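Peer 1: model this:
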Amino acid sequence: MSGQAQVFDFRAKLKKVSTGTGAKPTKPQFKLPMLSVATEKGKKFMLKCGVTGYPKPAITWLNKGQKVVESETVKMYADKQDPEVYILEVTRAEAIHAGEWTVEAANQVGKEVMTAKVSIKKQSKPVIIEPLKNTEVYKGQNLKLKVKYEGCPTPACKWTKNGKELGEKRGLDVLSNDSEGTKEMILYDVNETHSGEYAAELTNAAGVEITKCTVTIKEAMVKPTFEGDIRGQRIDWGKEFRLSVRVSGNPKPKVKWLKDGVEVKDGVNGVKLIYDDVIGKYELVIPDFGPEHMGNYQCVAESEAGTETASYNCQPEKPPKKPKIEQGLAPTKVLRGNMLRLVCKVSGEPQPDLVWLKNGKPLDPAKDGETFFDFETGEADLIVKNASDVHSGNYELKVTSRIGSDSTSAKVDVTEPPHTKPTFDIPLSTIYDPAKKLLILRCKISGYPKPELTWSGPDGKTLTEGPEVEFKDAPDDPDMKIVHILNFTEAKEGEYSATATSPAGTSKRSINISIKQTS
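Peer 2: As a prediction, this is how the structure comes out:
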């Protein structure tokens, strides 16, 4: 026996046993657990286990402690694909098979035991878990009806239409998946004759249960169709832009809009989606078109019958251009009391928004001047008709749009003019109306600082406002000074004077008035 390995058979009191190989003896081990089984009376069930060990273990099956022997309904064998997997098969389950089952694996080295339970389900009437549902199918499609159930034993299923059993025929399949508890019926390529009431009748030894539904066959499907191309309009920056399309099809298509491949959502980025399902009109509206809205738009119509797509490329005639100050503000000096005007030119697409600031704060039109903008030339103006010290400061114009901004600024100094002696630009003159006995004196004065004007009469006394003396300014020239002397008679004749006085000096003009001379 040289060259052959030997092992000891412990059951034979350490008697030497030849193996004929060089393998080391090992105790049996279960590599595949034996799972418990729940089955129905009359159904087949199997118990499996996987065993390793050397020498090859002997397998013994026991039912409730009693050794199992093969019979017409009980088979015991090793798996053909894997000899280490052992199977006990009962072709027809009975009540005696319920309980604990044991498998023993033994060889000269040792023994291992594993148990599992077999339970025989009690009879129960079929119960509908998921009933048939009313169904609409288009002509030419397949009709599928499915019911899910519980019940023991597994119920048989009879399918009927309008009370008549559906027998085997071409174009009809009846399927059962008892492990999942489902019964299914499929009718292929249906037409209007397949409309009606369908029922599934589930029957077993414990009872009967029926579920029904209504099937409606609708007209054949029609692929979505666009009635013409997407209609757009001229694109103007900052104006409303609208895309419109009409869609038809059966069933009614679901319509969505895409921009550059990304779905457009209503209300996002200022976009509105308007649908009129009755007439099949769909619109995409952009109330304020900006550069962010440029791109390729697609309208996608989808239904069970298919998908159709129409496209529209939104590219304005004028390409977008960042706001730019073409001519900036210039430092300006203006004399107090004169008109201040600041001018600059701007450009940009879309038309940028303009904001004037003074010393970093937005202008107050009530006191900081009026602003103007010429959309054709891009000229922006700020005008102050009567500049004063409060108008000195740093002025800035900011131009902003969706795609950028620019600005320009300049310093404005309001300065005091040089002092000038009062001057009579229009000499003292008179007008007399004998019918009204009205004498009018007038003159125009200038000078800086603005002179004060006083009037005096023949007695040398200063004229004051009263019942017979009225002081007025010309409505179109505030520097023209006027005096009305009412009820002028010979007693009031004499020399009248106008005296203009300011810190820069004094000027005086006089005139001798006689009614005879003025008449």
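Peer 1: make it CA atoms for all contacts and neighbour counts henceforth
Peer 2: Will do.
Peer 1: hey, which strand is longest across this structure?
Peer 2: Identified as the longest strand of the chain according to DSSP state E is strand 420-433.
Peer 1: elements contacting that strand?
Peer 2: If contacts are counted by 3 or more Cα pairs under 8 Å, 6 or more residues apart in numbering; DSSP states H and E, strand 420-433 sits against strand 438-448, strand 494-502, strand 505-513, helix 515-518.
Peer 1: would you format those as a markdown table with mean pLDDT, distance to Ser407 and mean neighbour count included?
Peer 2: Listed next are these as a markdown table, based on pLDDT from 0 to 100; distance: least, Cα to Cα, whole Å; neighbours: other Cα atoms under 10 Å:
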| stretch | mean pLDDT | distance to Ser407 | mean neighbour count |
| --- | --- | --- | --- |
| strand 438-448 | 91 | 37 | 19 |
| strand 494-502 | 93 | 44 | 19 |
| strand 505-513 | 93 | 47 | 16 |
| helix 515-518 | 72 | 64 | 12 |
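Peer 1: wait, which of the ones you listed is closest to Val247?
Peer 2: Val247 sits nearest to strand 438-448 of all the helices and strands packed on strand 420-433, at 78.8 Å, using Cα to Cα.
Peer 1: tell me the angle that closest one makes with strand 505-513.
Peer 2: On the basis of axes from the mean of the first three to the mean of the last three Cα atoms, to 10 degrees, strand 438-448 is oriented at 160 degrees to strand 505-513.
Peer 1: coming back round to it: dump the helices and strands packed on strand 420-433 to a markdown table, plus distance to Thr423.
Peer 2: Shown next, in a markdown table, are these (distance: least, Cα to Cα, whole Å):
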| stretch | distance to Thr423 |
| --- | --- |
| strand 438-448 | 5 |
| strand 494-502 | 8 |
| strand 505-513 | 7 |
| helix 515-518 | 25 |
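Peer 1: between the ones you listed, which one is nearest to Ser176?
Peer 2: The nearest among those, by Cα to Cα, is strand 438-448 at 112.5 Å.
Peer 1: relative to strand 420-433, how tilted is the closest one?
Peer 2: Using the same axes, to 10 degrees, strand 438-448 lies at 170 degrees relative to strand 420-433.
Peer 1: ranges for the strands of the stretch 51-200 of the chain?
Peer 2: For the stretch 51-200 of the chain, applying DSSP state E, counting those that start in this stretch gives strands covering 58-63, 66-67, 74-78, 85-90, 99-106, 111-120, 124-130, 135-138, 143-152, 156-161, 164-165, 172-177, 182-187, 196-204.
Peer 1: low-confidence ranges, the chain, go.
Peer 2: 1-22, 517-519 (pLDDT under 70).
Peer 1: coming back round to it: for the strands of the stretch 51-200 of the chain, which one sits closest to Val37?
Peer 2: Between the strands of the stretch 51-200 of the chain, strand 111-120 lies closest to Val37; by Cα to Cα that is 4.8 Å.
Peer 1: contacts for that closest one?
Peer 2: Identification of contacts with strand 111-120 by Cα atoms under 8 Å, 6 or more residues apart in numbering yields 27-30, 33-41, 93-95, 97-106.
Peer 1: and for stretch 217-232, what's in contact with it?
Peer 2: The contact list for stretch 217-232, computed with Cα under 8 Å, 6+ apart, reads 136-140, 190-192, 194-195, 241-253, 301-308, 310-312.
Peer 1: let's see 6 Å
Peer 2: By Cα atoms under 6 Å, 6 or more residues apart in numbering, the residues outside stretch 217-232 that reach it are 136-139, 192, 195, 243-250, 305-306, 308.
Peer 1: ok, now stretch 452-466?
Peer 2: Applying Cα under 6 Å, 6+ apart, the external contacts of stretch 452-466 come out as 494-501.
Peer 1: mind listing what's buried in it?
Peer 2: Within stretch 452-466, the residues scored as buried using 16 or more other Cα atoms under 10 Å are 453, 455-457, 463.
Peer 1: mind checking which of those residues are in strands?
Peer 2: Among the buried residues of stretch 452-466, DSSP E puts 453, 455-456 in strands.
Peer 1: how about Ala38: what's its closest non-neighbour residue?
Peer 2: Spatial nearest neighbour of Ala38, chain neighbours left out: Ser119 (4.8 Å); criterion: Cα to Cα, 6 or more residues apart in numbering.
Peer 1: what's the burial count for the one you found?
Peer 2: Ser119: 18 surrounding residues under other Cα atoms under 10 Å.
Peer 1: begin at 806 from now on, thanks
Peer 2: Renumbered: residue one is now 806, and that last one reads Ser924.
Peer 1: relative to Lys853, how far out is it?
Peer 2: 16 Å (Cα to Cα, to the nearest Å).
Peer 1: do Val914 as well
Peer 2: As defined by Cα to Cα, Val914 lies at a distance of 23 Å from Lys853.
Peer 1: try Val923
Peer 2: For Val923, the distance to Lys853 equals 12 Å [Cα to Cα].
Peer 1: kindly reformat the ones in strands among the buried residues of stretch 1257-1271 as JSON lines containing distance to Glu1201.
Peer 2: Shown next, in JSON lines, are those (distance: Cα to Cα, whole Å):
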{"residue": "Leu1258", "distance to Glu1201": "41"}
{"residue": "Trp1260", "distance to Glu1201": "47"}
{"residue": "Ser1261", "distance to Glu1201": "51"}
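Peer 1: just give me the closest of those residues to Asp1179.
Peer 2: Closest approach between those and Asp1179, by Cα to Cα: Leu1258, at 43.1 Å.
Peer 1: where along this structure do the helices fall?
Peer 2: 1170-1173, 1320-1323 (DSSP state H).
Peer 1: for the first one, buried residues please.
Peer 2: Residues of helix 1170-1173 classed as buried: Asp1173 (neighbour count, 16+ other Cα under 10 Å).
Peer 1: and if you look at stretch 1151-1170?
Peer 2: By neighbour count on 16+ other Cα under 10 Å, the buried set for stretch 1151-1170 is 1151-1157, 1159, 1161-1163, 1168.
Peer 1: can you name the residues in contact with that stretch?
Peer 2: With Cα under 6 Å, 6+ apart as the test, stretch 1151-1170 has contacts from 1042, 1125-1131, 1183, 1199-1206.
Peer 1: again with stretch 970-979
Peer 2: Stretch 970-979 is contacted from outside by 964-965, 989-993, using Cα under 6 Å, 6+ apart.
Peer 1: now restrict these to buried residues only.
Peer 2: Burial by neighbour count, judged by 16+ other Cα under 10 Å, picks out 964-965, 989-990, 992 from the contacts of stretch 970-979.
Peer 1: can you redo those residues as TSV with distance to Leu1244?
Peer 2: Converted to TSV, the buried ones among the contacts of stretch 970-979 look like this (distance: Cα to Cα, whole Å):
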residue	distance to Leu1244
Trp964	123
Thr965	122
Glu989	119
Met990	119
Leu992	117
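Peer 1: which of these lies closest to Asp1281?
Peer 2: Asp1281 lies nearest to Leu992 out of the buried ones among the contacts of stretch 970-979, by Cα to Cα, at 98.6 Å.
Peer 1: from Val1027, how far out is that closest one?
Peer 2: According to Cα to Cα, Leu992 and Val1027 sit 21 Å apart.
Peer 1: over to Asn912?
Peer 2: Taking Cα to Cα, one finds Asn912 at 73 Å from Val1027.
Peer 1: more crowded one of these two?
Peer 2: Using other Cα under 10 Å as the criterion, Asn912 and Val1027 rank with Asn912 on top: 21 against 16.
Peer 1: hmm, Ile864 and the more buried one touching each other?
Peer 2: No. Using Cα atoms under 6 Å, Asn912 is not in contact with Ile864, being 9.3 Å away.
Peer 1: what bridges to Val1067?
Peer 2: Judged by DSSP bridges, the bridge partners of Val1067 are Lys1064.
Peer 1: what of the one 10 residues further on?
Peer 2: In this structure, Lys1077 has the following beta-bridge partners (DSSP bridges): Val1090.
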